[in-house]
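J.: Need a 3D model of the sequence below.
(one chain, ligands or ions: 1)
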Amino acid sequence: MKLYKTKDRLLLGGTILFGGLSSLLVAFASILMQQVIDVAVAGDVKGFYRVLAVMLVYLAALGGISLLEAIMGKILIRNVTRHLRDRIFKGVMKQKPVRFSSRNTADYLSALVNDVKLVEENYLLPLLLCFQMIVLFLATLGILFYLSPLVTVILLGFLVLLFAVPALMGRKLQERQDAYSEQLSVFTAAAKDFLNGYEVIRGYSAFRCIFGRYLKVNKETAEKKFASDRLMAVNESFSDILSSLITIVIVFVAAWQMMRGTVTMGTLLALIQLSGTFVIPVVMILQNFPKIQGIRPVMEHLGEWMEYEEEEAGETIDRPENSGIPGQKRGICCSDLTFAYTEKQPVLEHENMLFEAGKKYAVTGRSGCGKSTLIKLLTGYSGDFEGQIYIDGISVKEMTQQEINRRIAVIHQNVFLFDTDIKDNICLGEDYTEEEIQAALKESGIWDYLSGLENGIYTKVGEDGHLLSGGQRQRIAVARALIRKTPVLILDEGTSAIDRETAFEIEKNLLEKKNLTVITITHHMDERLAGQYDAVVRLGAA
Ligand SMILES: Nc1ncnc2c1ncn2[C@@H]1O[C@H](COP(=O)(O)OP(=O)(O)OP(=O)(O)O)[C@@H](O)[C@H]1O
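T.: Modelled structure (predicted):
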């Protein structure tokens, strides 16, 4: 998975560079410490002021570089997490419908919120820290060697021990972090489901039952997190014990060397100071490196979700007038159409139908016979069907989604409205004139209602349109489809939430439109409209 853009790579380089420099300076503090003690022990006043001046310059440099490194690190994290969320969102939204609907939307939410946070906490921050700590460790090692080769050799012996535990734990931790990330998806899905069911839970006094399920999934999530944290805790406490041990060893060995006169008092204190700058980076690396390793499966999942097939970018694909493909030049033709969601259960079997341009059709059939599925296939849900579907003579399998959308608009039974105003919900980012919007609203039968509102078409609809009635939502959906002036309009029970008279008015209006192909999926056809349909298509009749 590509985590950094070019600019972010430069930022990463800068952060590492300044992080490294500040680490070098931190390690250098021990030399200054040695100098100041030695000049003090020797009573060298001039030397004392010289070291003091160097110390002031040192502090200014350390402060400036640390600040730069910290700010660059924050910018890097902001950029990387923002781009990551952008790419996950784009990847998810651009998936083919079959792939998109194969997962719960809560999984996508969890990826955008939880997994990106995991990447920040368990990858980006530890990575920056590890780089910094490696430099601090190497610088410390160099200075240690310069001050006391004996202490350095002893410390290197401990290193082997220090690295052994995380190396053994790495894989286990990976598995547990991955399991925790998966469980977070499950938790988000369950919480979303329960919250969406608020009205049912309240109306049927189902709180006890639902709360029981919530407690269970919450407990499982907490347990998975604990399983991962527990392993990290073992790793962390092992490093802590060894780090204390190392400090003690340095102090004793250096003190012994001082007694033998091979090191000065300044060197002894410098070595004690260095024991910290030797141990801290090692401990930090040991505690953070497994996190970086552990996040790999999560990053792989995110990488998969960012993959999508880019459709042809062009708005219009030039197709020859007579493409040579069998079927109608205008209108929709299905021949020998067979489709199944799962292998064992075909929903549509050997269906043949023709929707001629400008004509009006009612599609009927028992519940579950595949009417909505047919609409899905006509509008590019899946190319994984047998037989053929031609729209204006072109196989639907060869069309881009944009091409299909320019030809067909669907008004669904379950209308979705974004949490914005009515105008936005109708235009969906396209530019339409006030007149066009007004005409669509009038045709959908909602204009009178809107003209009485203080904010008119700028009235907010609330989350999923809950500030409007079911009928008003559906009328907005009708306006949304009409304004696009597609040659084909499909109503998938699209007026079922509207009162009978308004539904009659809207459908009558649509059926009177001369050049519009109308396909209405209906269970209850208004007998007053029966004569206006050119044909009734019965699905699953064979
Ligand atoms: N995404 C899906 N995955 C698996 N099966 C599905 C999916 N969508 C629908 N089905 C199944 O396909 C069959 C046809 O569903 P469809 O919604 O097309 O029927 P319908 O004729 O529109 O029904 P209704 O009149 O009740 O709305 C049903 O048995 C349904 O369970």
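J.: Which helix or which strand is home to Asp229?
T.: Element membership of Asp229 [criterion: DSSP states H and E] is helix 207-259.
J.: If Tyr361 is in a bridge, with which residues?
T.: With DSSP bridges as the criterion, Tyr361 is bridged to Ile519, Ala535.
J.: How far off centre is the host helix or strand of Tyr390?
T.: Element membership for Tyr390, per DSSP H and E: strand 386-391. A distance of 35 Å separates the centroid of the chain from that of strand 386-391, by CA atoms, centre = their mean, to the nearest Å.
J.: what residues does the protein put near the ligand?
T.: Selection of the chain residues close to the ligand by CB under 6 Å from any ligand atom yields 101, 341, 347, 365, 367-373. Quick note: C-beta positions are derived from backbone N, CA and C, even for glycine.
J.: Can you report how many residues lie near Gln177?
T.: Gln177 has 26 neighbours, counted by other CB atoms under 10 Å.
J.: Do you know the pLDDT at it?
T.: What the model reports as pLDDT for Gln177 is 82.
J.: Please apply the same query to Glu430.
T.: 86.
J.: Low-confidence ranges, this protein, go.
T.: Within the chain, the stretches with pLDDT under 70 are 1, 165-166, 310-329, 494-497, 541-542.
J.: can you pull out the helices in the stretch 51-200 of the chain?
T.: 97-101, 105-110, 116-119, 125-147, 149-196, 198-203 (DSSP state H, counting those that start in this stretch).
J.: Figure out how far stretch 400-413 is from the centre of its chain.
T.: Distance, centroid of stretch 400-413 to centroid of chain: 26 Å (CA atoms, centre = their mean).
J.: what about it, how long is it end to end?
T.: Taking CA to CA, to the nearest Å, the first and last residues of stretch 400-413 lie 25 Å apart.
J.: you'd agree Val536 is up against Ala362?
T.: Yes - here Val536 reaches Ala362: they are 4.7 Å apart, a contact under CB atoms under 8 Å.
J.: More neighbours: those two, which one.
T.: Neighbour tally, Val536 and Ala362, criterion other CB under 10 Å: the higher count belongs to Ala362, 22 against 13.
J.: and Ala40, how far is that from the ligand?
T.: 80 Å (CB to the nearest ligand atom, to the nearest Å).
J.: Contacts only, for that residue.
T.: Phe48 (CB atoms under 8 Å, 6 or more residues apart in numbering).
J.: Which single residue of the stretch 1-150 of the chain ends up nearest the ligand?
T.: Ser101 (5.7 Å; CB to the nearest ligand atom).
J.: sorry, back to before: contacting residues around the strand holding Tyr390?
T.: Contact partners of strand 386-391, identified using CB under 8 Å, 6+ apart, comprise 325-328, 332-339, 350-351, 377-378, 395-397, 399, 404, 407-408, 488.
J.: What's the ChimeraX syntax to select whichever of these are buried?
T.: The buried residues among the contacts of strand 386-391 can be selected in ChimeraX (16 or more other CB atoms under 10 Å) with this line:
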select :327,332,333,334,337,339,351,377,378,396,399,404,407,408,488
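J.: picking up where we left off before, report how many residues lie close to the residue of the stretch 1-150 of the chain closest to the ligand.
T.: Neighbour count for Ser101, taken as other CB under 10 Å: 13.
J.: do Ile391 as well
T.: Neighbourhood size, Ile391 [other CB under 10 Å]: 25.
J.: Number the chain from 232, please
T.: Done: numbering now begins at 232, and the last item shifts to Ile622.
J.: Find the residues that touch each one of Val767 and Ala593.
T.: Shared contacts of Val767 and Ala593 (CB under 8 Å, 6+ apart): Met756.
J.: contacting residues for the residue most central in space within the chain?
T.: Centroid check for the chain by CA atoms, centre = their mean gives Leu343 as the closest residue, at 2.9 Å. Neighbour list for Leu343: 316, 319-320 [criterion: CB under 8 Å, 6+ apart].
J.: which one of the helices of the stretch 282-431 of the chain is the most hemmed in?
T.: When those are scored by mean count of other CB atoms under 10 Å, the highest mean neighbour count falls to helix 356-378 (a mean of 20).
J.: before we move on, back to that, could the helices of the stretch 282-431 of the chain go into TSV alongside distance to Leu241?
T.: Listed next are the helices of the stretch 282-431 of the chain as TSV, based on distance: least, CB to CB, whole Å:
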stretch	distance to Leu241
helix 328-332	35
helix 336-341	31
helix 347-350	20
helix 356-378	15
helix 380-427	29
helix 429-434	48
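J.: These: which one's closest to Phe647?
T.: Nearest to Phe647 among the helices of the stretch 282-431 of the chain is helix 336-341; the distance by CB to CB comes to 11.9 Å.
J.: can you dump the C-alpha coordinates of the closest one into CSV?
T.: Output in CSV follows, covering the C-alpha atoms of helix 336-341 (Å, rounded to 0.1, in the frame of the first residue of the first chain):
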residue,chain,number,x,y,z
THR,A,336,-21.2,-0.3,5.5
ALA,A,337,-20.0,-0.3,9.1
ASP,A,338,-16.9,-2.1,7.9
TYR,A,339,-16.1,0.9,5.7
LEU,A,340,-16.9,3.3,8.6
SER,A,341,-14.6,1.3,10.8
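J.: So which elements touch it?
T.: On a contact count with 3 or more CB pairs under 8 Å, 6 or more residues apart in numbering; DSSP states H and E, helix 336-341 meets helix 380-427.
J.: Now stretch 457-468: buried residues?
T.: 458-459, 462-463, 466.
J.: cool, and stretch 639-658?
T.: 639-643, 646, 648, 652-658.
J.: From the chain's centroid, how far away is it?
T.: Centre to centre, stretch against its chain (CA atoms, centre = their mean), the figure for stretch 639-658 is 24 Å.
J.: State the distance from the residue of the stretch 382-531 of the chain at minimum distance from the ligand to Thr452.
T.: Distances between the stretch 382-531 of the chain and the ligand by CB to the nearest ligand atom are smallest at Ala420, namely 16.6 Å. Per CB to CB, to the nearest Å, Ala420 is found 11 Å from Thr452.
J.: what does Gly696 give?
T.: Counting by CB to CB - Gly696 and Thr452 are separated by 32 Å.
J.: out of those two, which sits in the more crowded spot?
T.: Set Gly696 next to Thr452 and count neighbours by other CB under 10 Å: Gly696 wins out with 22 against 19.
J.: residue contacts, that one?
T.: So Gly696 contacts 646-648, 656, 703-704, 707 (CB under 8 Å, 6+ apart).
J.: Let me see the backbone angles for Glu538.
T.: Per-residue torsions, Glu538: phi -80, psi 130 (degrees, to the nearest 10).
J.: hang on, it packs against Gly322?
T.: Yes - with contact defined as CB under 8 Å, Glu538 and Gly322 form a contacting pair (6.3 Å).
J.: With neighbour numbers in mind, choose between those two.
T.: For Glu538 and Gly322, the more surrounded residue by other CB under 10 Å is Gly322, and the numbers stand at 18 against 11.
J.: what's the domain layout of the protein?
T.: Here the domain parsing of the chain from automatic domain parsing is 237-416+457-537, 563-769.
J.: Could you report the neighbour count for the closest residue to Ile306 other than its chain neighbours?
T.: Excluding the flanking residues, the one nearest Ile306 by CB to CB, 6 or more residues apart in numbering is Leu242, at 6.0 Å. For Leu242, the count of nearby residues is 20 (other CB under 10 Å).
J.: What are the buried residues along whatever helix or strand Leu242 lives in?
T.: If you go by DSSP H and E, Leu242 is part of helix 237-273. For helix 237-273, a neighbour-count test (16+ other CB under 10 Å) marks 239, 242-243, 245-270 as buried.
J.: and the angle for that helix with helix 356-378?
T.: 30 degrees (axes from the mean of the first three to the mean of the last three CA atoms, to 10 degrees).
J.: quick one: which of the buried residues of stretch 639-658 is nearest Leu360?
T.: Scanning the buried residues of stretch 639-658 for proximity to Leu360, where the rule is CB to CB, the winner is Asp655, at 43.9 Å.
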